[in-house]
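Enquirer: With the input below, show me the fold.
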Amino acid sequence: MQPEIRERLEKCSNLPSLPAVALQVLRLCQSEDLDLGQIAKVLTNDPALSAKMLRLVNSPSYGLRQQVRTIPHALALLGVNAVRTLALSFSLAADMRGKSQPGIDLKVYWRRSVLSGVAARELATAAGLGPVKEEAFLAALLQDIGRLALARVAPDLYAPLSERAGGDHVVLEMLERGELGADHAEVGHWLTSNWKLPAPLCLSVQLSHGLPAPEGTSPEVVRMARVVAVSGLLADIWVREDTQDATVLAREQAQFLLNLGPAQLDPVLAGIAAAMGDVSSLFEIDLGKPDQITAVLDEAQETLLMVSLGTSRQVATAHKAIDTLQAKTRALEEESQKDVLTGLANRARLDAFLDGELKAVARSAKPLSLILIDVDHFKKVNDTYGHPAGDKVLMGVANGLKTRLRPRDLVARYGGEEFVLVLPETDPEGALVVAERVRQVIEAAVHPISSNQTLRVTISLGCATSGGKLPFVGAADLLESADKALYAAKRSGRNRVVTAESLRAPGAATG
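Expert: Residues are numbered from 1 along each chain as shown. The predicted structure follows:
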């Protein structure tokens, strides 16, 4: 809150205040020596207040099996917190309802406040907070009390600002912050804290616009604050003219903040409508005629049903779209890892595969072999027959390499006319067998380069192994060893296989 607003609030002499009976009840309830007899006496001394409390306690919404005839009986059945909250609710509403308030339509204000309280009680039950539903009622009743305070500290500004908002609380909050430096929820928290109301109630007023709770707030208090935030939106269903828009907004926030879907929200709306007649009489405020209440309820429930059906269709459509998108993503990912000309794995795919397999070697100590392949005299093919012919030869070689591999092996184009075979769990002897078999396949293959012309080519191969009975080496060292073996094969006359192990042991036979 901006210092200027706080200073105005602190200096204002006509801010909303707790009535005398509420102050007495609050003081007695906060006393270390709790005296139920004293609390009952204070309440009984106000016949109108005690009568309203007993009427509410005996209403169907409480569902008590026995009639409560006295305030002490109510205290015994409901507990101090519930009775205190009811007393504060009735006394505050009675004391403030009749006071004039420039810039605010008090009839609409109190209608929304009381409906919010009713909605909060129903929501608290649906959200598993039945024991604190009266606290939720009072917090919801007071969630807009900051509006009364702002209207009194800045009457010249607040009247046009409130009119511009047009009953939309989201717009009102933005205008308050932009022009006054604080919204009415923040001011309401300041005011209720000054009244020394219970901290959870004050926090619920502060968070009534759906703000996140401070770190460390207990889950029960967070949930009550969320109940209060949703309660005002449910009240708007009966307060605002656009019932459908108000219902959709309330439904979204009920789902987001309380995880209550249309199926759970429908009974809450019915409970609010059923309680409106009794509450209207108790708080002496017109909440609408029975037929109007029912008409709004029917429209809201119809909207919830449409939203529910629409959501089901949207979910099904969304799942289908996600599946399609995932399939396209996988296809694109696979394409991005392929060499455009040959369809083999490209260099990026090779690097990733080799890295993963070498990590497996480090864990299991099983061997991994790599064969580096070069097409012999390929430059002469390009120079003599042209690059299109060279491309056809490369594609033919690639097809020949693919036909002789296991599903878990990888064949990749390394660059230009060079290819790589990666053979997991393959020792040097096994790699030599694979390399020789591949060499023979390519030597025997015929590559059409035009309608009436074919070519044959040979390849040279260099093999290297990491792990197993040999020392473990990384990707760079493994490729370098295979490259040296390939160079030795080319230097020895091409169209042959040389292993890295044969280079380490002079005199050993090479394929």
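Enquirer: residues near the nearest residue to residue 171 once chain neighbours are set aside, how many?
Expert: Of all residues not flanking residue 171 in the chain, residue 165 sits nearest, at 4.6 Å (C-beta to C-beta, 6 or more residues apart in numbering). C-beta coordinates here come from the backbone N, C-alpha and C atoms, glycine included. Per other C-beta atoms under 10 Å, the neighbour tally for residue 165 reads 16.
Enquirer: how near is residue 165 to residue 143?
Expert: According to C-beta to C-beta, to the nearest Å, residue 165 stands 16 Å off from residue 143.
Enquirer: What of residue 193?
Expert: On the measure of C-beta to C-beta, residue 193 and residue 143 end up 14 Å apart.
Enquirer: ditto for residue 186
Expert: 12 Å.
Enquirer: Which one's more surrounded, those two?
Expert: When residue 186 and residue 143 are compared for neighbours, residue 143 comes out ahead with 33 against 22, by other C-beta under 10 Å.
Enquirer: where's the more buried one relative to residue 117, distance?
Expert: 9 Å.
Enquirer: same question, residue 73
Expert: Distance, residue 73 to residue 117, using C-beta to C-beta: 23 Å.
Enquirer: mind checking the SS state of the residue nearest the centre of the chain?
Expert: Centroid check for the chain by C-alpha atoms, centre = their mean gives residue 256 as the closest residue, at 9.3 Å. What DSSP: H, G, I helix; E, B strand; the rest coil gives for residue 256 is helix.
Enquirer: repeat for residue 241
Expert: Residue 241 - assigned by three-state DSSP - is coil.
Enquirer: How many residues are close by it?
Expert: Neighbours of residue 241 under the rule other C-beta under 10 Å: 7.
Enquirer: again, but for residue 305
Expert: By the measure other C-beta under 10 Å, the count of residues near residue 305 is 13.
Enquirer: Please give the element, helix or strand, for it.
Expert: helix 290-336 (DSSP states H and E).
Enquirer: So which elements touch the helix or strand just after that helix?
Expert: For helix 290-336, the succeeding helix or strand toward the C-terminus, using DSSP H and E, is helix 347-364. Judged by 3 or more C-beta pairs under 8 Å, 6 or more residues apart in numbering; DSSP states H and E, the packing partners of helix 347-364 are strand 368-375, strand 410-415, strand 418-424, helix 475-491.
Enquirer: What residues sit buried inside the second one?
Expert: Of the residues in strand 410-415, 410, 411, 412, 413, 414 count as buried by neighbour count, 16 or more other C-beta atoms under 10 Å.
Enquirer: Redo the residues you listed as a markdown table? Include distance to residue 450 and pLDDT.
Expert: Shown next, in a markdown table, are the buried residues of strand 410-415 (distance: C-beta to C-beta, whole Å; pLDDT from 0 to 100):
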| residue | distance to residue 450 | pLDDT |
| --- | --- | --- |
| 410 | 32 | 93 |
| 411 | 27 | 94 |
| 412 | 28 | 94 |
| 413 | 23 | 94 |
| 414 | 27 | 93 |
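Enquirer: For residue 422, state which of the residues you listed is nearest.
Expert: Using C-beta to C-beta, residue 410 is the member of the buried residues of strand 410-415 that sits closest to residue 422, with 4.4 Å.
Enquirer: That closest one contacts residue 351, doesn't it?
Expert: No: assessed by C-beta atoms under 8 Å, residue 410 is found out of contact with residue 351, at 11.0 Å.
Enquirer: Now stretch 432-444: buried residues?
Expert: Buried, per 16+ other C-beta under 10 Å, within stretch 432-444: 432, 434, 435, 438, 439, 441, 442.
Enquirer: where in the stretch 101-250 of the chain is pLDDT low?
Expert: Residues of the stretch 101-250 of the chain meeting the criterion pLDDT under 70: 101-103.
Enquirer: Relative to residue 123, how far out is the closest residue to residue 57 other than its chain neighbours?
Expert: Among residues not flanking residue 57 along the chain, residue 68 sits closest, at 4.9 Å (C-beta to C-beta, 6+ apart). Distance check for residue 68 against residue 123: by C-beta to C-beta, it reads 24 Å.
Enquirer: With neighbour numbers in mind, choose between these two.
Expert: Between residue 68 and residue 123, counted using other C-beta under 10 Å, the more crowded position is residue 123 (32 against 20).
Enquirer: And for the more buried one, nearest residue in space, chain neighbours not counted?
Expert: Among residues not flanking residue 123 along the chain, residue 227 sits closest, at 4.6 Å (C-beta to C-beta, 6+ apart).
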